[in-house]
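# got a predicted model here, sequence first, then my questions.
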Amino acid sequence: QVQLVESGGGLVQTGGSLRLSCSAPGSMYSIANMRWYRQVAGKERELVASLSIGGTSNYSDLVKGRFTISRGDVRNTVFLEMNSLRPEDTATYLCNIEGRTYSQPKLTNYWGQGTQVTVSS
């Protein structure tokens, strides 16, 4: 079972910054897309940012200009740099990587365990 490992969440004041990271195991030899979602209890999961293998990034209008998705020098790592944070950014953030592994060569979506981001006013 492939598990993505997330880190970087925490408590920050309005206007602050956080950097989330997500790593996939080395057994994932091919990656198609990397995404960050967020979810608040009782609400639908929301796509925040995506990054294609070709380097094209897209953002939710709610975070455009404040958040940046990027791929690490270590191939199977994705970051989400979050600046100018607002209380409405408070949520559990989940990374999603669409890739192939040696045990599952079919393109498959894998998820991180989620990391809590709390922005105080």
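Perfect, I can see it now. Numbering: from 1, shown residues only.
# and the residue nearest the centre of the chain, what does it touch?
By Cα atoms, centre = their mean, the mean C-alpha position of the chain lies nearest to residue 36, the distance being 3.0 Å. By Cβ atoms under 8 Å, 6 or more residues apart in numbering, residue 36 lies in contact with 20, 22, 47-50, 69, 78, 80, 93-96. All C-beta spots, glycine's among them, are computed from the backbone N, C-alpha and C.
# the chain: strands as residue ranges?
Counting by DSSP state E, the segments of the chain that form strands are 5-7, 10-13, 18-23, 28-39, 46-52, 57-59, 67-71, 77-82, 91-101, 108-111, 115-120.
# buried ones from the contacts of residue 36, can you make that a ChimeraX selection?
Buried members of the contacts of residue 36, defined by 16 or more other Cβ atoms under 10 Å, are picked up in ChimeraX with:
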select :20,22,48,49,50,69,78,80,93,94,95,96
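# would you format the contacts of residue 36 as JSON lines with distance to residue 63 included?
Formatted as JSON lines, the contacts of residue 36 follow (distance: Cβ to Cβ, whole Å):
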{"residue": "20", "distance to residue 63": "12"}
{"residue": "22", "distance to residue 63": "16"}
{"residue": "47", "distance to residue 63": "10"}
{"residue": "48", "distance to residue 63": "6"}
{"residue": "49", "distance to residue 63": "7"}
{"residue": "50", "distance to residue 63": "12"}
{"residue": "69", "distance to residue 63": "10"}
{"residue": "78", "distance to residue 63": "15"}
{"residue": "80", "distance to residue 63": "9"}
{"residue": "93", "distance to residue 63": "11"}
{"residue": "94", "distance to residue 63": "15"}
{"residue": "95", "distance to residue 63": "15"}
{"residue": "96", "distance to residue 63": "16"}
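# noted, bye for now.
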